[in-house]
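**Q** A structural model of the following input is requested.
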Amino acid sequence: MNFKQDALKKVTEHIETINIFIDDGWSKQEAIDYVRSTTVIGPQYWTMVLDAFKPKVKLLKKGIKIDGQYYPVFYSSSKNHTKGMATIYIKTYKRLPPSAHEIFSVKNDTDSMTDYFEQDRIQIPPDSPFFEQVENLS
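**A** Numbers count the residues shown, from 1 in each chain. I've put the predicted structure just below:
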């Protein structure tokens, strides 16, 4: 086995180990930090390990998928926003997962004490990699 194959095998083992800790109730960050502190692997390979735990987002015509979970949405063009941001409005009152907050600027001004409820909305700035796609879908 050459060096690259050995390194990729270690990356796979690290991902599996982190998943075991997550299944045991550890947070994703705790598991990653622990495995990182107890093993030696090059920084380029740690990037591969961390990429495996990034939230996966797919923008669809009538919804978005975040980590495989579908949320119905409608899109609003940046032309409708004073700061030039495109917006994704979630159609249900179901809250977006924490992984969505890692990627997007999620807004929700719900105030349950006054019975004021809002759906989540995502504002996409022009420098975001998702901006062009949201503009095309709006």
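**Q** Straight-line length of stretch 81-92, end to end?
**A** 22 Å (Cα to Cα, to the nearest Å).
**Q** Residues in contact with it: which ones?
**A** 59, 64, 71-78, 80, 96, 104, 119-126, 131, 134-135, 138 (Cβ atoms under 8 Å, 6 or more residues apart in numbering). For the C-beta atoms, the positions are set from N, CA and C on the backbone; glycine is no exception.
**Q** Need the mean per-residue confidence for it.
**A** Here stretch 81-92 scores 82 as its mean pLDDT.
**Q** Buried residues, it. List them.
**A** By 16 or more other Cβ atoms under 10 Å, the buried positions in stretch 81-92 come out as Met85, Ala86, Thr87, Ile88, Ile90.
**Q** Next: stretch 14-23.
**A** His14, Ile15, Thr17, Ile18, Phe21.
**Q** so how many other residues sit close to the closest residue to the fourth one other than its chain neighbours?
**A** It refers to Ile18. Nearest non-adjacent residue to Ile18, counting by Cβ to Cβ, 6 or more residues apart in numbering: Ala31, 4.6 Å away. By other Cβ atoms under 10 Å, the residues close to Ala31 number 20.
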